[in-house]
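1. Any chance you can model this:
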Amino acid sequence: MQTSLSDIQSGWRTFRAWTKRFRSSVEVFTDNPLHKVYLADALDLGELYLAAAPSTEEVEKKIAFMQAYFEALAIECNSFNESVKKLLKFQSRLCAPHLYGFWFFQTDICKFGAGASPSFLGDHANIFCEDAGQIDFSDITVIIPHNLIVVRRPTGNWTNAAVQNLLKRIRADLDFDGLGTKFGVKTIADILYLTPSTPYFGLGDRPALT
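-> So this is what the prediction gives:
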């Protein structure tokens with residue numbers, strides 16, 4: 001069943017309230033480096049880290065990505081506001097370190113065209129969840145075409161069984177929407193690198209950033 005207009009309106013009110021809290025949260029001092037993982041956008045020695053204090057640009061990129069994701073979700077979801085509330089809670093500095101983190105990268109931006117959403121034009125994005133079934137990999141792929149996925153496991157190192165379970169979930173999602181691909185796999189402790197063999201490169205020429 002499709003969601004109602006009032007539910008969609010409530011969901012966007014929830015999103016707007018979150019954007020204010022999210023912008024403020026990066027100003028909160030914390031001496032726990034894990035509290036910065038929710039805005040990490042770089043890789044170093046197999047670990048995700050934030051090289052410096054989060055920039056306004058990175059904060060706004062995260063907000064734009066979540067907006068683009070929810071624009072797609074609103075079309076498909078039958079409980080939009082509840083889904084928005086749940087997923088946004090996961091994106092916080094307190095929750096993110098204890099959840100699965102997914103980073104999507106264009107390692108060579110020149111190879112990629114535009115994504116499907118005018119709301120997000122970045123070359124990397126991240127999202128956090130309790131398990132992979134809570135996010136739509138097909139929607140993410142068309143929003144940010146990518147050729148590398150980095151996944152942080154919140155507890156313990158990656159095992160072969162855990163990797164295969166995740167791959168099964170991702171492949172099923174992508175196959176359903178005609179975006180299926182095989183993946184190269186590399187693990188370093190709690191970090192998993194997935195490299196699609198046939199990435200989706202986007203819709204066409206990339207719009208100029210203004």
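2. any idea where the helices of the protein begin and end?
-> 5-25, 56-76, 80-90, 137-143, 160-176 (DSSP state H).
3. Could you point out which residue ranges in this protein have low pLDDT?
-> 1-2, 42-54, 205-210 (pLDDT under 70).
4. Can you get me a residue count around Phe201?
-> Using other C-beta atoms under 10 Å, Phe201 has 14 neighbouring residues. (Each C-beta comes from the backbone N, C-alpha and C, glycine too.)
5. My guess is it contacts Cys110. True?
-> No: look at Phe201 against Cys110 with C-beta atoms under 8 Å: they stay out of range, at 10.7 Å.
6. dump the residue contacts of the closest residue to Lys186 other than its chain neighbours.
-> Once flanking residues are discounted, Lys186 sits nearest to Tyr193: 4.3 Å by C-beta to C-beta, 6 or more residues apart in numbering. Applying C-beta atoms under 8 Å, 6 or more residues apart in numbering, one finds that Tyr193 lies in contact with Leu148, Ile149, Val150, Gly184, Val185, Lys186, Thr187.
7. change it to 10 Å
-> Contacts for Tyr193 (C-beta atoms under 10 Å, 6 or more residues apart in numbering) come out as 43, 46, 103, 105, 148-151, 183-187.
8. nearest spatial neighbour of Ala189, skipping sequence neighbours?
-> Asn157 (5.0 Å).
9. Could you pull up the residues touching the one you found?
-> Asn157 neighbours (C-beta under 10 Å, 6+ apart): Thr187, Ile188, Ala189, Asp190, Ile191, Leu192.
10. do Cys129 as well
-> Contacts of Cys129 by C-beta under 10 Å, 6+ apart are Lys86, Leu87, Phe90, Gln91, Ala96, Leu99, Tyr100, Gly101, Phe102, Ile135.
11. Which among those count as buried?
-> Leu87, Phe90, Gln91, Ala96, Leu99, Tyr100, Gly101, Phe102, Ile135 (16 or more other C-beta atoms under 10 Å).
12. Just to check, Ala17 is in contact with Leu88?
-> Yes: counting by C-beta atoms under 10 Å, Ala17 does reach Leu88; the two are 9.1 Å apart.
13. between the two, who's got more neighbours?
-> Leu88 (20 against 12).
14. Apart from its neighbours in sequence, what residue is nearest Gly204?
-> Gly113 (4.8 Å).
15. Redo the buried ones among the contacts of Cys129 as JSON lines? Include distance to Asn78.
-> Shown next, in JSON lines, are those (distance: C-beta to C-beta, whole Å):
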{"residue": "Leu87", "distance to Asn78": "15"}
{"residue": "Phe90", "distance to Asn78": "20"}
{"residue": "Gln91", "distance to Asn78": "22"}
{"residue": "Ala96", "distance to Asn78": "27"}
{"residue": "Leu99", "distance to Asn78": "24"}
{"residue": "Tyr100", "distance to Asn78": "24"}
{"residue": "Gly101", "distance to Asn78": "27"}
{"residue": "Phe102", "distance to Asn78": "24"}
{"residue": "Ile135", "distance to Asn78": "17"}
